Structure formats: C-alpha cells, structure tokens
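> The following block contains a protein sequence and its predicted model.
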Amino acid sequence: MGTVPVSVFIVVAFVSVVMRRLSFVNGAAIPSTVDGPFKPVTVPLDKSFRGHAVDLPDNDPRVQRIVTGWEPEQIFVSLSSTHDSVWISWITGEFQIGENIKEMDPKTVGSSVVKYGRWRFGMTKKAMGHSLVYSQLYPFKGLQNYTSGISHHVRLTGLKPNTFYYYQCGDPSIPAMSDVHYFRTMPASGPRSYPGRIAIIGDLGLTYNTTSTIDHLMSNHPNLVLLIGNASYANLYLTNGTGADCYSCAFSDTPIHETYQPRWDYWGRFMQPLVSKVPLMMIEGNHEIEEQIEKKTFAAYSARFAFPSEESGSSSTFYYSFNAGGIHFVMLGGYTDYNKSGDQYQWLKKDFAKVDRKVTPWLVATWHPPWYSTYTAHYREAE
Ligand SMILES: *[C@@H]1O[C@H](CO)[C@@H](O)[C@H](O)[C@H]1NC(C)=O
Ligand SMILES: *[C@@H]1O[C@H](CO)[C@@H](O)[C@H](O)[C@H]1NC(C)=O
Ligand SMILES: *[C@@H]1O[C@H](CO)[C@@H](O)[C@H](O)[C@H]1NC(C)=O
Ligand SMILES: *[C@@H]1O[C@H](CO)[C@@H](O)[C@H](O)[C@H]1NC(C)=O
Ligand SMILES: *[C@@H]1O[C@H](CO)[C@@H](O)[C@H](O)[C@H]1NC(C)=O
C-alpha cells in the first residue's frame, strides 16, 4: 500500500469550519479515494449561525490597541513555500482616518527585525524584512480617508522541520520588541509526513459568531489555518464607522462602495492569539476587493498579509502555492485573470509541472468563489 500514491484534488470553495485529520495511525498510510467509497462525515449546520450575525463593536476589549508607541501588534505567522521558511508579519504605529491625513513613510520609523531561536532564552538568530503602508482614499465629499500603520513582513529561513521556534519581532534599536511568541514549522515534505490538523475557514468576519468559530478552532489545536477569502468584512461599513448589515442595499446612496479600514486593524488584533502561533494562509475573496480612488483594489489584502508568491514563482499576491508535509496547496485567485491566456494559468501550468507526487501525494487547490453553483448566491459565477 505504501507505494500507492494518495491522490485527491479537492476544491474548497466556501467551507465554514472543517477540521480534517491527516495523521497516520500506527504508521498505516492514509487511504486513497480509490480505496473508497467512504461514508462522508457531515455535521448538520447550526441554524443559529445563519443571519443576524452581530459584529464585535469597536469597544470590545479583543479589538483594542493594547500596545504603546512603536510596539508591534497584529502579529501573525504564515508559511513560505517549503517547511524551512516562514513569514512573520506585524503592524507598528497608529492608523489615521478622517480629513487631510498623511501617509507615514515606513523608512523613517524603524526597521523590521525578527529575533528567533529554538529556545526562549536562545533567540540568537536575526532576520530583517521590509515594511510598507497603504491608504484607502475616497475623493468624494463627506467620505473619510484612511492610511494604515506600518505593515512589516520578515522571512525566516533555514528552519528545521516540525520544530518549535520562539520569536520576538519589532525594532531593537527604538527599542520596541514584542513579547516572546512561538510557532511550529511544518513537517518536511514526504509521502508519510503530514501536519496533524488543518483548519479551513471562509467568510470569517468579526462577529460574535466569529468568536465562537475561533474558540472552537483553537480548542482543536490546528497546525495550520487556511482562510479562503472574506476576512474582516470592513466593506460592510461606511467610512464614518457606521455598520451596514446588507451588502447590496446599504450603499445605494453613496458614490462608491465604502469601507471602514479600522475594522481590519480590529480583525488583526482579534486574530493575534491564534495566528501568532499557528500559520495562517490567506487567499482573496470578494470582500477583499475594496475599490477606492483610481479604481485601485485589494490594497488592504495585499499590504497586510504575507504570501509566498515569489517563493512559488508567482508574480502576484492573488495566487501562490506552498507545501505542508506531503500536501501541495495551490491557492488560486478568483478575482484576477484565470483564462488560458492569463498569467495565472501560465503560472499554474508551471506549478503543476513541478509537483512530484512521490513527495507530495496530496494536491489541494482552493479558491474563494464556488466553481459550480446552482444556489442563488454566486450562481454560475465562475463557469
Ligand atoms: C481623500 O483623498 C482624496 C485623494 O487625495 C482627496 O481628493 C479627498 O479630498 C480626501 N478626502 C478627505 C476627507 O480628506
Ligand atoms: C451567532 O450570533 C448570534 C448573535 O450574536 C447568536 O444569537 C447566536 O446564538 C450565535 N450562534 C452561535 C452558534 O454561536
Ligand atoms: C454615517 O453616515 C450615515 C449615512 O450618511 C449616517 O446615517 C450615520 O448616522 C453616520 N454615522 C455617524 C457616526 O456619523
Ligand atoms: C482572458 O482574460 C483577459 C483579461 O480578463 C481578457 O482580456 C482576454 O480577452 C481573455 N481571453 C479569452 C480567450 O477569453
Ligand atoms: C463572502 O461574503 C458574502 C457576504 O457578503 C457572501 O454572500 C458570500 O457567499 C461569501 N462567500 C463567498 C464564497 O463568496
């Protein structure tokens, strides 16, 4: 059995919370789809999750800025394309919102440093990264502009597989370093080597139901979290911070579909306890489009998250791939060209050609919009 490659191609579109165990029991291999059919395990939808989701308000303690000065906040880990490398990301400084705001120059305030090591009192390694800011501008009377704190991304390399690392991020010269956090690397790629648990979420938001989803997820101790689009829902707000429950009807009398970018900062703070430990892999959804001045889109998405795009040969934050043990994940972009003449298609062909099913027997592809849908929402959107 050991020599039979385990192969499956899964399209994960909208999954509320799926916890999947991919581990080996006493060295026995995972059955392949051809060993099936298996009885599907289905958990009935908890109807109380439907509708009436209430957003966490801006005075909820979980979304407050609790750091001072240039201390890092909204800290999170994401994976590079192979087990020996991860990204650490965080925000420093305060966002501005309102009239006549001025973008910060990330070069004038500090550097992006991560100190790390295998022991809490032996964080002797040091990596440097880059930083950037983004703005969300609306050239319309009555609308407010936003400019972000400084978003930092640092790539750590040379990591051992399946190993805990402690880290601190920030700028040691100010000094403004974070508390000590830790993460665990993925196992090395191979047909008998898998992360124990992978959580897949979509349409997360920042509601009281989000808190139960994340509590549930954390109590299941995932090794990796995939977020298949629709994260903060900052675009369900007007720029004055007033929320709008209904996406399609709330913006009829405003010149553009507005957003309230501080919701992204609240979301980053809320997520930190989980994602400062467990790597989070994000791919864009329709709520990340967030059109602004000059038809610019996806500004928050592209600035706040780190993506292993370059490492996986992609020239875009909209699609990339990575390995987690014996799984090759392909994160596809549903909101950029995906026809045969587009860059994504060309990249995907090259990416598939590089896959060695003896090393990564599982190939999992995800994207946000459902590929086929007969339901009223997203009906035939991608066909
Ligand atoms: C927001 O920025 C745009 C582009 O710079 C500008 O036209 C607009 O007046 C600004 N709005 C406010 C409220 O400052
Ligand atoms: C979802 O949130 C609503 C409103 O806060 C609440 O009434 C409902 O019980 C929540 N559902 C679950 C499963 O937590
Ligand atoms: C925000 O703007 C909307 C629409 O103009 C208005 O109904 C609402 O009261 C405003 N909220 C605040 C906090 O000013
Ligand atoms: C592929 O997509 C691009 C960009 O959306 C478009 O310009 C082009 O016409 C499309 N080509 C085909 C063959 O559909
Ligand atoms: C994303 O969010 C919207 C809610 O506005 C929802 O209608 C949509 O189904 C979500 N998921 C997908 C896969 O688009």
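In hand now; what should we look at? Ligands and ions are numbered 1, 2, ... in the order given.
> Count the residues that sit near the residue in the stretch 251-383 of the chain positioned nearest to ligand 2.
In the stretch 251-383 of the chain, the residue that lies nearest ligand 2 is F270 (15.1 Å; Cβ to the nearest ligand atom). Quick note: C-beta positions are derived from backbone N, CA and C, even for glycine. If you count neighbours by other Cβ atoms under 10 Å, F270 ends up with 22.
> my guess is it contacts L206, does it?
Yes: contact criterion Cβ atoms under 8 Å: F270 and L206 qualify, at 6.1 Å.
> returning to what we had before: secondary structure class for the residue of the stretch 251-383 of the chain closest to ligand 2?
Under DSSP: H, G, I helix; E, B strand; the rest coil, F270 falls in the helix class.
> any weak-confidence spans in this protein?
Residue ranges of the chain with pLDDT under 70: 1-34, 49, 51, 245-251, 373-383.
> what about whichever residue of the stretch 151-300 of the chain sits closest to ligand 5, how many neighbours?
Using Cβ to the nearest ligand atom, the single residue of the stretch 151-300 of the chain nearest to ligand 5 is N230, 3.8 Å away. Burial of N230 is recorded as 19 neighbouring residues (other Cβ under 10 Å).
> what is in contact with F270 and L206 at once?
The contact sets of F270 and L206 overlap at 56, 63 (Cβ atoms under 8 Å, 6 or more residues apart in numbering).
> Can you verify my assumption that the residue of the stretch 151-300 of the chain closest to ligand 5 contacts E284?
No: assessed by Cβ under 8 Å, N230 is found out of contact with E284, at 9.0 Å.
> Which residues are in contact with each of those two?
H368.
> need the residues of the stretch 201-350 of the chain near ligand 4, please.
For the stretch 201-350 of the chain, the residues found near ligand 4 under the criterion Cβ under 6 Å from any ligand atom are 337, 339, 341-342.
> again, only using 8 Å
Residues of the stretch 201-350 of the chain that fall close to ligand 4, judged by Cβ under 8 Å from any ligand atom: 337-342.
> For these, which entry has the maximal number of neighbours?
Once you tally neighbours by other Cβ under 10 Å, Y338 ends up highest among those, having 17 neighbours.
> That one: what's it in contact with?
Applying Cβ under 8 Å, 6+ apart to Y338 gives the contacts 332, 344-345.
> The same query, at a cut-off of 7 Å, please.
Applying Cβ atoms under 7 Å, 6 or more residues apart in numbering to Y338 gives the contacts 344-345.
> any idea how far it is from Q261?
Y338 sits 28 Å away from Q261, going by Cβ to Cβ, to the nearest Å.
> got it, and Y134?
To Q261, Y134 is 9 Å away according to Cβ to Cβ.
> shared neighbours of the two, anything?
A300.
> Looking at the two, which is more packed in?
Using other Cβ under 10 Å, the more surrounded residue of Y134 and Q261 is Q261, with 26 against 21.
> before we move on, back to that, touching, the residue of the stretch 251-383 of the chain closest to ligand 2 and R62? I think so.
Yes: counting by Cβ atoms under 7 Å, F270 touches R62, with 4.9 Å between them.
> shared neighbours, those two?
Shared contacts of F270 and R62 (Cβ under 7 Å, 6+ apart): L56.
> For the residue nearest to the spatial centre of the chain, give me the backbone phi and psi.
In the chain, the C-alpha closest to the average C-alpha coordinate belongs to M282, at a distance of 2.6 Å (Cα atoms, centre = their mean). Dihedral angles of M282 (phi, psi; degrees, to the nearest 10) stand at phi -110, psi 140.
> same deal with G170?
According to degrees, to the nearest 10, G170 has phi 140, psi -150.
> residues near it, how many?
25.
> Now do the contacts for it.
Applying Cβ under 7 Å, 6+ apart to G170 gives the contacts 71-72, 113, 176-178.
> For those residues, could you give me CSV that also reports neighbour count, secondary structure and distance to H216?
Output for the contacts of G170, formatted as CSV (neighbours: other Cβ atoms under 10 Å; DSSP: H, G, I helix; E, B strand; the rest coil; distance: Cβ to Cβ, whole Å):
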residue, neighbour count, secondary structure, distance to H216
E71, 19, coil, 30
P72, 28, coil, 27
V113, 19, strand, 35
A176, 18, strand, 34
M177, 18, strand, 32
S178, 21, coil, 27
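> This completes my enquiry, with thanks.
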